[in-house]
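1. this one's sequence-less:
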């Protein structure tokens, strides 16, 4: 049974008695929060982390330029000048290009501060007044999927963009916390800092291309050591890319902390992250006016108490998740929130995806906000206390093997073919291959040819299993830990289409479904990109507001999504790949068939070459 007791100081949040609590984790968390509240344990110095990252990035770049210069391979002034020129052009003209792009392609409209909801207008004016910032330009994307981001050049030139879904799915305190997060990016000069950090991989890659052996302007100097420097440049490029991603994640923590400080309410941002990042927002809880006038309105004194990479509220690839609630009201079910956090904290794929992302995992952001709430003497909204029941590394390694299987098969088959069919000149000779007409001489190379195709068939059968597609809810899928981008779950969801996967983008083929427990991205795929483009431009908009039933495969990498097999609704007729009231994607059958086609093409190519 669920426990309806509300933690003190966190109105509108319902807790749920959950099994498998980890007493050791509870004790460690309580001790840390007590130390934070007593000011014994300071919060991590995020500014120091950012400074060390920039120092390390430019130290690597300086070492590379010095080595290339001493070897006489390149002039540091040339490389630095080229990279800086590219970065400056992007920095100066980028905001204007984005202004035009968002207005033309994302159904964005710019609004005056007085056109914002009253509580938000007052909040923004108050924060900007205290922080001595100019009130940023605000844009609203007319789409029900939640998203927020900021861009610009300097704090006084910032643009903050939010979707209609943010205003509909969040309560006023949460909307203010989300906007405060975006203001934090502007106030902390993140646009400038990320541009400076991004120069390092750009310059390293430029040097690598200039010194690559295949470059048409190859010289004797490059032949004498240039290859080694090119390898070093590529290594530094890869390392610096990961450092920039880590730096971006640090800036996200900074913006979270800024939002918690100016609102005085870390829990508001925490619950907003749950609703946007995990998708836990109930259907029927989306009326902003009802949210302001209803009995659950949150009151707080205003004072004293990323569509675009690193500046989105989330990584754009992970922006649409799930919004967990305990029912038709606006109350978060903490048990379900913790269930959604399990994948972030336990599945090895979560950390794998995080190191390749501009944003931290939602669960880790919730943990840092819990620390900040404790430091302010508040009870955290979410404290994860569950015991991990088992290790998930065995599933991870199986998934990794399945994902790499076609590549492994190709790497095995090509050397085998050339060894079996080597001719007098050392190349592939079909006549030499079958000269004795033995079954082994024919079957072995044919087996080698079809290995990649068979591996592709196996992989796609593993990823897109057919059979029973049981009915589920968004919130019910969130607690699953044994799921990844490779290990999917056949499932059926029913709900209403509320927006597009990339909010407002006119040709986006993906859509967002909302049921009574949350929202989830529906990933629409056809064998050819033009089909996707056609559906996004001319058919996806017709789905808005429709009640649909969707069968497909639930996956998480790291945001949850459903790869569509079939959509059934009222008006979904479209030529070629849709019939009657159903829209069908052919991703599963196409990917399996692609394996057979690959094998046939390779065999035909070998015979033609013979």
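-> Happy to help now that I have it. Note that the coordinates shown come from a computational prediction; the quantities given were computed from them, not determined experimentally. Residues are numbered from 1 along each chain as shown.
2. longest strand in the protein, please.
-> strand 489-500 (DSSP state E).
3. output the contacting helices and strands for that one.
-> When contacts are defined as 3 or more CB pairs under 8 Å, 6 or more residues apart in numbering; DSSP states H and E, strand 489-500 sits against helix 474-478, strand 511-514, strand 519-523, strand 547-556. C-beta here means a position set from N, CA and C on the backbone, and glycine is covered the same way.
4. in it, which residues are buried?
-> Within strand 489-500, the residues scored as buried using 16 or more other CB atoms under 10 Å are 489, 490, 491, 492, 493, 495, 496, 497, 498, 499, 500.
5. which ones are touching the nearest residue to residue 125 once chain neighbours are set aside?
-> Excluding the flanking residues, the one nearest residue 125 by CB to CB, 6 or more residues apart in numbering is residue 135, at 6.5 Å. Counting by CB atoms under 8 Å, 6 or more residues apart in numbering, residue 135 touches 113, 124, 125, 128.
6. next, format the helices and strands packed on strand 489-500 as JSON lines and append distance to residue 148.
-> Formatted as JSON lines, these follow (distance: least, CB to CB, whole Å):
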{"stretch": "helix 474-478", "distance to residue 148": "21"}
{"stretch": "strand 511-514", "distance to residue 148": "15"}
{"stretch": "strand 519-523", "distance to residue 148": "15"}
{"stretch": "strand 547-556", "distance to residue 148": "22"}
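7. out of those, the one nearest residue 464 is which?
-> strand 547-556 (5.6 Å; CB to CB).
8. now do that closest one, average pLDDT.
-> Averaging pLDDT along strand 547-556 yields 92.
9. could you do stretch 242-252 as well?
-> Mean predicted lDDT for stretch 242-252 stands at 89.
10. with stretch 375-385 instead?
-> 88.
11. next one: stretch 20-28
-> Rounded mean pLDDT across stretch 20-28 is 75.
12. hmm, back to that, out of the contacts of residue 135, which are buried?
-> Using 16+ other CB under 10 Å as the burial test, these include 124, 128 as buried.
13. in which helix or strand would I find residue 134?
-> Assigned by DSSP states H and E, residue 134 falls within no helix or strand.
14. and the nearest residue to it once chain neighbours are set aside, how many residues sit next to it?
-> Among residues not flanking residue 134 along the chain, residue 156 sits closest, at 4.2 Å (CB to CB, 6+ apart). If you count neighbours by other CB atoms under 10 Å, residue 156 ends up with 13.
15. cool, and the one 10 residues further on?
-> Close neighbours of residue 166, defined as other CB under 10 Å, add up to 27.
16. what pLDDT does residue 287 get?
-> Reported pLDDT for residue 287: 39.
17. so where's the stretch 1-150 of the chain uncertain?
-> 1-19, 32-84, 86-87, 90 (pLDDT under 70).
18. next, the buried residues of stretch 94-104.
-> For stretch 94-104, by 16+ other CB under 10 Å, it's 94, 95, 98, 99, 102.
19. quick one: which of the residues you listed is nearest residue 236?
-> So of those, ranked by how close each gets to residue 236 (CB to CB), first place is residue 94, at 25.0 Å.
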